[in-house]
Structure formats: structure tokens, C-alpha cells
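Asks: generate a structure from the sequence data that follows.
(one chain, ligands or ions: 1)
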Amino acid sequence: MAEHEHVRVAVVGSGFGGLGAAVRLRREGITDFVVLERAGGVGGTWRDNSYPGCACDVPSHLYSFSFAPNPDWPRTFSGQEHIRAYLERVTDLFGLRPHIRFDSEVKRMTWDGAELRWVIETVSGTLTADLVVSATGPLSDPKIPEIPGLDTFPGTVFHSARWDHGHDLRGRRIAMVGTGASAIQIVPAIQPRAGRLVLFQRTPPWVMPRVDRAITGAERRLHRALPLSARLRRGLLWGVRELQVQAFTKHPEELGFVERLAKRNMARAIKDPALRAKLTPDYRIGCKRILLSSEYYPALARPNVDVVAGGLREVRGSTLVAADGTEAEADTIVFGTGFHVTDMPIAERVVGADGRTLAEAWKGGMEALRGASAAGFPNFMTVIGPNTGLGNSSMILMIESQLNYLADYVRQLDVLGGRAALDARPRAVRAWNDRVQQRMRRTVWNTGGCTSWYLDADGRNTTVWPGTTSEFRRATRRVDLAEYEVLRPSAAGAAGADPREATV
Ligand SMILES: Cc1cc2nc3c(=O)[nH]c(=O)nc-3n(C[C@H](O)[C@H](O)[C@H](O)COP(=O)(O)OP(=O)(O)OC[C@H]3O[C@@H](n4cnc5c(N)ncnc54)[C@H](O)[C@@H]3O)c2cc1C
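Replies: The predicted structure follows:
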């Protein structure tokens with residue numbers, strides 16, 4: 001094989017996960033790493049989602065790195081542009097730019113068992129790495145459903161995560177497809193400009209008010225002068241969410257009173273009983289992500305908005321047909337239909353020790369030891385891997401726990417010395433996932449009577465963590481070597497035999 005550039009660690013992706021991994025590697029004294037990013041800038045989610053109204057639904061003081069507090073968040077729930085700017089500052093502050101290779105989409109990563117390293121093919125060249133940290137994001141590849149006749153639509157079509165800013169919405173007949181977290185932010189932001197806005201709703205979401213306000217100058221000054229005050233604020237936001245977890249994971253019946261609050265939120269804005277009926281979910285709150293908006297229902301009550309209680313079934317030229325047969329004319333379709341989550345696209349590009357792709361290994365459902373390591377994929381860690389998602393708190397907490405695990409992983413490899421790789425033992429992966437799935441049985445996500453993007457094609461919940469963030473933090477504090485097989489290169493391995501037989 002031709003000699004390629006070799007690095008100790010290759011991080012894929014430069015969102016919160018990839019940038020966080022880069023900071024953590026530097027803190028561990030590792031500078032021999034690259035960050036491979038397919039786009040031309042950092043930010044991931046917060047670079048790609050620039051739709052009108054895009055904002056976080058976790059308060060900013062919690063939705064940020066604990067090691068990079070920002071006393072100057074402008075709002076309690078900051079908008080996309082502020083979060084993106086924050087990530088740009090993190091990149092500069094921690095000196096990450098020299099490590100980042102933009103426009104370097106990873107096409108394939110193949111484990112070389114003889115050399116104990118990954119061969120990484122990108123659109124801009126090939127390199128090798130001892131360890132891969134895959135931080136390609138759970139919500140980074142937009143999904144547009146296959147709608148018969150969509151190709152006959154004469155107007156403009158785009159996904160919420162790839163907003164067409166060149167398309168003027170003023171006076172347009174817009175069809176918004178989907179009612180997830182993005183759609184409910186988009187609808188109130190574009191309704192005033194739209195000539196007519198038709199919302200195709202397959203399932204109504206539960207929506208709670210969002211108490212968003214500007215953070216005052218006095219608060220910001222306090223946080224700058226007394227960093228402890230910002231830490232306390234973060235701690236409070238975190239603690240409240242930790243206390244809610246039991247209701248989601250063990251006692252979904254306790255969520256009944258939250259449903260009543262959500263209904264009151266709807267009733268305040270929606271006076272028409274027929275529309276209220278359309279918008280009222282028939283599943284337990286929390287089963288799908290609880291959405292936060294104080295503007296969504298008021299926007300739906302405006303005279304230029306129609307709600308069609310049925311998903312988009314067919315397109316016939318400029319006529320859109322819903323599942324219930326309702327027809328609507330449109331010149332613009334915006335898909336707020338989510339992402340490839342349980343069929344993570346990067347998995348098709350990763351080839352493990354036995355020649356199978358990660359997608360093939362995950363055919364029966366994604367699973368990884370402590371959300372990070374899949375058996376047969378040595379020295380390959382996923383950030384926000386299987387069952388690390390949250391229904392009610394900040395993903396940055398989970399990412400930071402996974403970074404602790406990464407740091408210990410690297411330390412363990414150092415302690416082992418020489419050339420070594422860790423491969424999660426299938427038994428350990430099974431035991432971890434059995435525990436996760438056992439706990440999942442009682443959760444609102446599995447019992448609440450809905451189908452959601454948390455579930456895979458077989459109805460298995462491979463996305464959400466069924467516990468508190470502190471439990472996950474404890475579970476990822478250390479790498480337990482008993483859960484891994486230690487691989488070593490060997491003369492036999494170098495000669496082409498299966499190096500796994502030469503394990504010490
Ligand atoms: C609109 C929206 C709102 C959200 N709001 C919240 C919220 O309020 N609270 C919350 O906790 N979470 C929220 N999330 C979830 C959010 O995705 C995570 O919080 C977090 O930003 C994920 O970071 P990440 O680095 O793992 O992934 P991403 O931010 O998606 O970054 C992944 C990066 O990998 C790159 N990449 C992908 N494939 C390749 C490849 N083959 N080669 C090279 N590079 C590649 C992408 O270009 C991207 O830059 C939201 C998500 C979206 C889409």
C-alpha cells in the first residue's frame with residue numbers, strides 16, 4: 001500500500017462533538033490529530049440549520065461547553081447565529097483551526113488489522129490514523145420522504161436544514177411538511193410573509209410555552225465578574241432537568257399534569273374547537289420530543305394558515321394531496337421531515353475488522369458499548385452514538401461524558417504501550433445493550449403510544465438514553481479494559497493472518 005500521511009487520531013465532523021473531541025485531545029497533550037469536515041466551516045447543526053426562527057430549545061447556559069462558558073449569551077434560548085458564533089470562538093480560543101481540514105468529506109474508513117490502523121479515504125486524499133472519533137452528528141443528514149409525484153412539482157422545494165435563502169417567500173403559497181422541532185420554529189417565522197401557509201401534519205406534537213427573554217446587561221456583567229454565578233445558573237438548569245428524568249423513564253403516568261399545561265397553552269391561542277381537535281395529540285406527552293414555542297399556536301390561528309391533519313401523500317404538479325384526501329395548491333414546499341437518525345449514513349462508510357460495514361453490523365439495530373464502541377470496529381469511537389440522545393436536556397452534557405471516555409481510552413492505550421488497539425467484546429456490548437433495552441421498556445418513549453424518530457424500523461429505541469445525564473457520566477468515566485479485547489500487531493498479522501488470533 002502507498003504510504004499515506006499518518007495521524008494518531010482522526011476526528012470526523014466539526015460540530016459540538018468534533019470540536020469538543022479536539023479540545024479534549026489537546027488537553028490530554030495530543031497534538032497529532034486532524035479534524036475532517038465535509039463542509040467549509042465549523043458548527044455542524046448550527047452551521048447547516050439557518051432556517052428562519054432556528055434556535056435552541058435548551059437554555060444557552062446549559063447548551064454550551066462546561067469548559068468554555070459564555071457569560072454573554074444574549075437570550076435565555078439563543079438563536080442559531082449566536083450558537084454558531086460561539087463555536088467559531090471555541091475553535092479559535094482552543095487553537096483548533098490548524099487541525100481542521102475543511103472540504104474533506106470522509107468517503108470510506110477501513111480497518112487495517114495487520115497495521116492496527118484506520119485507512120481513511122476523503123474526497124481530498126487518503127490518510128491513516130490509530131484511532132477514529134466519529135462525530136458526524138445524529139441530525140446531520142436531512143431526510144426527505146419519497147412522495148409520489150414530487151418530481152412533477154414546478155415550484156421550489158427544500159429541506160429545513162438546507163434553507164434556500166435566495167427564495168423570496170413573500171406572498172407565496174407555502175406547504176410546510178412536518179410538525180417537528182424545526183417546523184414549529186419555522187411556521188411562526190414565515191407565516192407573516194406567506195400569502196398562504198398550509199401545514200401538513202402527520203402527527204400533532206405536544207407544545208409547551210417557551211419562556212425566552214433577553215438576558216439583561218446586569219446578568220451578563222454579573223456572570224463576567226463572578227463566573228461562579230454562571231456556573232450556579234447552569235447547575236440549576238441542569239438539576240431541574242435531572243429531576244424530570246424519572247417521569248420519562250419510570251413513571252410516564254406522572255406526565256399527565258404536563259399534558260394539562262400543554263393543552264392550556266393551546267387553548268389560549270386556538271379558539272376554534274375543530275382546529276384544537278386537529279392539534280391535540282392522542283399519545284402521552286414526552287413520547288415524542290416535547291416542543292417549546294409560545295408562537296406556534298398563535299401563528300396557526302392566523303387567517304392565512306391552514307392545518308391539514310394528514311401527511312403529504314402525493315404531489316400532482318402544483319397540487320399537494322394529503323393522506324386524508326385534502327388538496328392544496330402550492331408554489332413552495334418546505335420539508336421539515338427530520339434526518340437519517342437510526343440509519344446513520346456514516347455507518348455505510350466504515351468497514352470493520354471482518355470486512356463488514358458498520359451499517360451491516362447494525363442491521364438488527366444500532367448498538368455500541370457505552371454509546372461509543374461497536375464490536376469488530378477497533379479503536380473507533382462514536383460521539384453521540386447509539387442510545388445517547390436525550391428527550392429533555394442538553395446534548396452537550398452527553399457529548400462531554402463521551403469525551404471523558406475518549407480521554408481515558410487514549411490514556412489506556414498509552415498505558416498498554418507499543419502498538420495496540422481496543423476492540424469492544426461482543427459480550428460486553430450485548431450486556432450493556434440488554435441493560436439499556438431493559439430500562440427502556442418502562443419509558444414514555446416506548447410506552448407512550450406514538451411512533452417517533454427515536455425508534456428504528458423494527459420499533460427498537462436505539463437513540464435515547466434511558467437515565468439521567470449523571471448516570472451516563474458515571475458510566476463513561478473510565479474505560480473498563482475487561483470490556484475490550486486488546487489487539488496487538490504480530491509477525492503473523494503483518495504476514496496477513498487474522499491478528500485477532502494473536503491477541504495477548
Ligand atoms: C435544528 C436543530 C436544533 C437542535 N436543537 C437542540 C437543542 O435545543 N438541544 C439539544 O440538546 N440538541 C439539539 N439538537 C441536536 C444537535 O444535533 C446536537 O445538540 C449537537 O449539535 C450535535 O453535535 P454533533 O457534533 O454531534 O453533530 P453535528 O452538529 O451534526 O456535526 C456533525 C458534523 O459532521 C460533519 N460530517 C458528517 N458526515 C461527514 C463525513 N462523511 N465526512 C466529514 N464530515 C462529516 C457535518 O458536516 C457536521 O459538520 C438540534 C439539532 C437540530 C438539527
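Asks: near the ligand, which residues of the stretch 51-200 of the chain?
Replies: Contact residues (C-beta under 6 Å from any ligand atom) of the stretch 51-200 of the chain with the ligand: 54, 56-58, 63, 105-106, 135-140, 181-182. For every residue, glycine as well, the C-beta is placed using N, CA and C.
Asks: can you tell me which of these comes closest to Y409?
Replies: The closest of those to Y409 turns out to be A135 (C-beta to C-beta; 14.2 Å).
Asks: OK, contacts around the closest residue to the closest one other than its chain neighbours?
Replies: Distance criterion C-beta to C-beta, 6 or more residues apart in numbering; nearest residue to A135, sequence neighbours excluded, is G17 at 3.3 Å. By C-beta atoms under 8 Å, 6 or more residues apart in numbering, the residues touching G17 are G44, A135, G137, V383, I384, I399, Q402.
Asks: nearest spatial neighbour of the residue of the stretch 201-350 of the chain found nearest the ligand, chain-adjacent residues omitted?
Replies: Nearest residue of the stretch 201-350 of the chain to the ligand (C-beta to the nearest ligand atom) works out as I346 at 5.4 Å. Nearest residue to I346, sequence neighbours excluded (C-beta to C-beta, 6+ apart): T136, at 4.4 Å.
Asks: tell me the SS of that neighbour?
Replies: coil (DSSP: H, G, I helix; E, B strand; the rest coil).
Asks: how much space between the most centrally placed residue in the chain and N387?
Replies: Centroid check for the chain by C-alpha atoms, centre = their mean gives P138 as the closest residue, at 3.5 Å. Using C-beta to C-beta, to the nearest Å, P138 is found at 11 Å from N387.
Asks: which neighbours do the two share?
Replies: Shared contacts of P138 and N387, defined by C-beta under 8 Å, 6+ apart, are found at T463.
Asks: and this protein, what are its domain boundaries?
Replies: Domain assignment for the chain, taken from automatic domain parsing, gives 5-141+341-502, 150-211+238-335.
Asks: wait, a strand at the residue nearest to A135?
Replies: No: read with three-state DSSP, G17 is helix and lies in no strand.
Asks: returning to that earlier point: local confidence estimate at the residue nearest to I346?
Replies: pLDDT for T136: 97.
Asks: test my guess that it contacts V12.
Replies: Yes: when contacts are counted by C-beta atoms under 8 Å, T136 is listed as touching V12 (5.6 Å).
Asks: neighbour count winner among those two?
Replies: Using other C-beta atoms under 10 Å as the criterion, T136 and V12 rank with V12 on top: 30 against 24.
Asks: now that one, which residues is it bridged with?
Replies: L36, S134 (DSSP bridges).
Asks: my guess is it meets G18, correct?
Replies: Yes: counting by C-beta under 8 Å, V12 does reach G18; the two are 6.8 Å apart.
Asks: so what's in contact with those two at the same time?
Replies: Common neighbours of V12 and G18 (criterion: C-beta under 8 Å, 6+ apart): V35, E37, V133, A135.
Asks: in the stretch 101-250 of the chain, which spans are strands?
Replies: Ranges of strands in the stretch 101-250 of the chain, per DSSP state E, counting those that start in this stretch, are 106-112, 117-122, 125-134, 156-159, 173-177, 196-200, 207-208.
Asks: residue of the stretch 351-500 of the chain closest to the ligand, please.
Replies: Residue nearest to the ligand within the stretch 351-500 of the chain: M395 (3.4 Å; C-beta to the nearest ligand atom).
Asks: likewise for the stretch 101-250 of the chain?
Replies: As assessed by C-beta to the nearest ligand atom, the ligand sits closest to G137 within the stretch 101-250 of the chain, at 2.2 Å.
Asks: what sits against that residue?
Replies: Counting by C-beta under 8 Å, 6+ apart, G137 touches G13, G15, G17, G44, T45, I384.
Asks: near the ligand too, which of these?
Replies: Contacts with the ligand within the contacts of G137, counted by C-beta under 6 Å from any ligand atom: G13, G15, G17, G44, T45, I384.
Asks: got the phi and psi for the fifth one?
Replies: Torsion angles at T45 (phi, psi; degrees, to the nearest 10) stand at phi -40, psi -40.
Asks: check the first one too.
Replies: The phi and psi torsions at G13 (degrees, to the nearest 10) take the values phi 110, psi 140.
Asks: that one contacts S134, correct?
Replies: Yes: under the criterion of C-beta under 8 Å, G13 makes contact with S134 at 7.3 Å.
Asks: pull up the overlap in contacts between these two.
Replies: Joint contacts of G13 and S134 (C-beta under 8 Å, 6+ apart) are V383.
Asks: got a pLDDT number for E485?
Replies: pLDDT, E485: 98.
Asks: ugh, typo on my part, it should be R500
Replies: Listed pLDDT for R500 reads 41.
Asks: among the contacts of G17, which one sits closest to W118?
Replies: Relative to W118, and with distances defined as C-beta to C-beta, the nearest of the contacts of G17 is A135, at 14.6 Å.
Asks: so what's the closest one up against?
Replies: V11, V12, G13, S14, G15, G17, G18, G20, A21, T382, V383, I384.
Asks: drop anything exposed from the residues you listed.
Replies: Listed as buried from the contacts of A135 are V11, V12, G13, S14, G15, G17, G18, G20, A21, T382, V383, I384; burial here means 16 or more other C-beta atoms under 10 Å.
Asks: would you turn those into JSON lines with distance to R260?
Replies: Listed next are the buried ones among the contacts of A135 as JSON lines, based on distance: C-beta to C-beta, whole Å:
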{"residue": "V11", "distance to R260": "45"}
{"residue": "V12", "distance to R260": "44"}
{"residue": "G13", "distance to R260": "41"}
{"residue": "S14", "distance to R260": "43"}
{"residue": "G15", "distance to R260": "36"}
{"residue": "G17", "distance to R260": "37"}
{"residue": "G18", "distance to R260": "41"}
{"residue": "G20", "distance to R260": "38"}
{"residue": "A21", "distance to R260": "42"}
{"residue": "T382", "distance to R260": "39"}
{"residue": "V383", "distance to R260": "38"}
{"residue": "I384", "distance to R260": "33"}
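Asks: which of those lies closest to A230?
Replies: Comparing the buried ones among the contacts of A135 against A230 with C-beta to C-beta places G20 closest, at 18.7 Å.
Asks: pLDDT at that closest one, what is it?
Replies: In this model, G20 is scored at 98, pLDDT.
Asks: go on, A492?
Replies: pLDDT, read off for A492, is 44.
Asks: how about the strands in the stretch 401-504 of the chain?
Replies: All strands of the stretch 401-504 of the chain, identified by DSSP E, counting those that start in this stretch, fall at 421-424, 484-487.
Asks: what helices and strands are in contact with the first one?
Replies: Applying 3 or more C-beta pairs under 8 Å, 6 or more residues apart in numbering; DSSP states H and E, one finds that strand 421-424 contacts helix 395-416, strand 484-487.
Asks: wait, which of those is closest to D456?
Replies: Proximity to D456 (C-beta to C-beta) singles out helix 395-416 among the helices and strands packed on strand 421-424, at 19.1 Å.
Asks: identify each buried residue in that closest one, please.
Replies: Buried residues in helix 395-416, counted by 16+ other C-beta under 10 Å: 395-403, 405-410, 412-413.
Asks: could you export that helix as CSV, CA atoms only?
Replies: Presented in CSV, the C-alpha positions along helix 395-416 are these (Å, rounded to 0.1, in the frame of the first residue of the first chain):
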residue,chain,number,x,y,z
MET,A,395,-26.8,17.0,24.4
ILE,A,396,-23.6,18.8,25.3
LEU,A,397,-23.8,17.0,28.7
MET,A,398,-23.8,13.7,26.9
ILE,A,399,-21.0,14.8,24.5
GLU,A,400,-18.8,15.8,27.4
SER,A,401,-19.3,12.5,29.1
GLN,A,402,-18.3,10.7,25.9
LEU,A,403,-15.2,13.0,25.8
ASN,A,404,-14.2,11.8,29.2
TYR,A,405,-14.5,8.3,27.9
LEU,A,406,-12.3,9.2,24.9
ALA,A,407,-9.7,10.8,27.1
ASP,A,408,-9.5,7.6,29.2
TYR,A,409,-9.4,5.5,26.1
VAL,A,410,-6.4,7.3,24.9
ARG,A,411,-4.8,7.0,28.3
GLN,A,412,-5.4,3.3,28.4
LEU,A,413,-3.7,2.9,25.1
ASP,A,414,-0.8,4.8,26.4
VAL,A,415,-0.6,2.6,29.5
LEU,A,416,-0.7,-0.5,27.3
